[in-house]
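>>> Predicted model and sequence follow; I will ask about them next.
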Amino acid sequence: MQVKRTKHASGYVQIPNVIARHGSLSLEAVGLLTRLLSLPDGTGATVERITAQVSNGRRSVSKAMNELIEAGYVRRAKVQDPETGRWVTITTVTDTPETATSPTDRLPTVGIATGRAVGGSPIGRKTEEEKNTTPPPSPAQEAAPLVPESAEQGGEGEATFLNKIGREMAREARRILERLSLHKSLPLSDQEIARLAPKVMPWLREDYRSDEILQCLTTALPEQIDSVPGLISHRLRNFSPVRSTPQQPSKPVERAHCEVCEVIFPLGHAGGVCRTCKDEMDRAAAHLAAL
């Protein structure tokens, strides 16, 4: 098969060879990573939104997203707005994940040695907050004061914050499994909880609540369970929790009131004139009749 490169008139995304030839990512994950790297800054990168734009099902997109998270190409962190107090999820996408292992199990392309490695010229990191795609700054621009890297471009400050979020998610995943182990049909040992906790974290990154996760793991259990850890691991890998719809606040019940004095009647009263007002009206009518 020959690949023909076509020069487009509009923008394009550059993919390093280490991604295109990745030895452990599925083709769906490679395609999803390509799509994420091509998105403009600030684009919502949720599984639901991406599924609505492609022909793949939600399970396929969610599985590919989890592959990218485990491989270090996608990171997610919950951030609280200090002004509104609202929690939002920031998705960070990179083509150069911080991992000690090689992203591919294939040898470099055979050819004449050059001054750079195969698949070089990475395009760097991309987040929903910021991505630098502008040409190198001019000398006048370089003279401008710089914002500290930790606050503006994700230096040590961001790394420390993301690590803190990751540790909190790990603790929450363990708490969910500890609650699950209280189910009479799903007992889990401490060792099994420690082994399964990392598999719960992708659902937490998708902003599923603990009750939604527990509902998914405990609904429609088989009559005979040969291996509780195997059952939980299978559901964590192949199932998706159902998001609970927020309950609409119930409208207050309107109670009838007296047409004269507007006193409120007991619940279920049909309305009209209260007894006190009716007695006053009868006495007034009797007095007028006597004149």
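Structure's in. What do you need?

>>> Could you find the residue nearest the spatial middle of this structure?
residue 206 (2.9 Å; C-alpha atoms, centre = their mean).

>>> Isn't that residue up against residue 48?
No - using C-beta atoms under 8 Å, residue 206 makes no contact with residue 48, being 9.2 Å away. Heads up, the C-betas are built off the backbone N, CA and C, glycines and all.

>>> Could you pull up the residues touching the residue nearest to the centre of the chain?
The contact partners of residue 206, by C-beta atoms under 8 Å, 6 or more residues apart in numbering, come to 46, 47, 62.

>>> Could you list which of the residues you listed belong to helices?
47, 62 (DSSP state H).

>>> Run through the helices of the protein in chain order.
Counting by DSSP H, the helices of the chain are 17-20, 27-38, 47-51, 58-71, 139-142, 149-152, 156-180, 190-205, 210-218, 228-238, 275-290.

>>> Tabulate these (CSV), appending distance to residue 264 and mean neighbour count.
Below are the helices of the chain laid out as CSV (distance: least, C-beta to C-beta, whole Å; neighbours: other C-beta atoms under 10 Å):
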stretch, distance to residue 264, mean neighbour count
helix 17-20, 69, 18
helix 27-38, 59, 18
helix 47-51, 46, 16
helix 58-71, 51, 19
helix 139-142, 71, 8
helix 149-152, 58, 12
helix 156-180, 45, 16
helix 190-205, 48, 18
helix 210-218, 39, 17
helix 228-238, 53, 15
helix 275-290, 13, 10
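
>>> what about residue 286, distance to residue 280?
11 Å (C-beta to C-beta, to the nearest Å).

>>> oh sorry, the question was meant for residue 264
For residue 264 relative to residue 280 (C-beta to C-beta), the value is 18 Å.

>>> Same question for residue 171.
From residue 171 across to residue 280, the span is 69 Å (C-beta to C-beta).

>>> Over to residue 240?
Per C-beta to C-beta, residue 240 is found 67 Å from residue 280.

>>> Could you find the closest non-adjacent residue to residue 229?
residue 192 (4.7 Å; C-beta to C-beta, 6 or more residues apart in numbering).

>>> same check, this time on residue 265
residue 256 (4.7 Å).

>>> try residue 255
Spatially, and ignoring its direct neighbours in sequence, residue 255 is nearest to residue 264 (5.3 Å; C-beta to C-beta, 6+ apart).

>>> Per-residue confidence, residue 7, what does it come out as?
If you check residue 7, the pLDDT there is 42.

>>> Ok, residue 121 next?
pLDDT, residue 121: 36.

>>> which sections of this structure are below the confidence cut-off?
1-11, 41-44, 81-83, 85, 98-158, 247-251 (pLDDT under 70).

>>> Show me how the record splits this protein into domains.
11-76, 157-219+232-238, 257-291 (automatic domain parsing).

>>> Could you export the helices of the chain as TSV, including distance to residue 260?
Formatted as TSV, the helices of the chain follow (distance: least, C-beta to C-beta, whole Å):
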stretch	distance to residue 260
helix 17-20	80
helix 27-38	69
helix 47-51	57
helix 58-71	61
helix 139-142	79
helix 149-152	68
helix 156-180	58
helix 190-205	60
helix 210-218	51
helix 228-238	64
helix 275-290	4
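
>>> Identify whichever of those lies nearest to residue 77.
helix 156-180 (4.5 Å; C-beta to C-beta).

>>> residues in contact with residue 52?
Residue 52 touches nothing, counting by C-beta under 8 Å, 6+ apart.

>>> tell me the contacts of the nearest residue to residue 60 once chain neighbours are set aside?
Nearest in space to residue 60, with sequence neighbours left out and distances taken as C-beta to C-beta, 6+ apart, is residue 28 at 5.9 Å. Residue 28 makes contact with 56, 60, 61, 63, 64, 67 under the criterion C-beta under 8 Å, 6+ apart.

>>> at 10 Å what do you get?
54, 56, 60, 61, 63, 64, 65, 67 (C-beta atoms under 10 Å, 6 or more residues apart in numbering).
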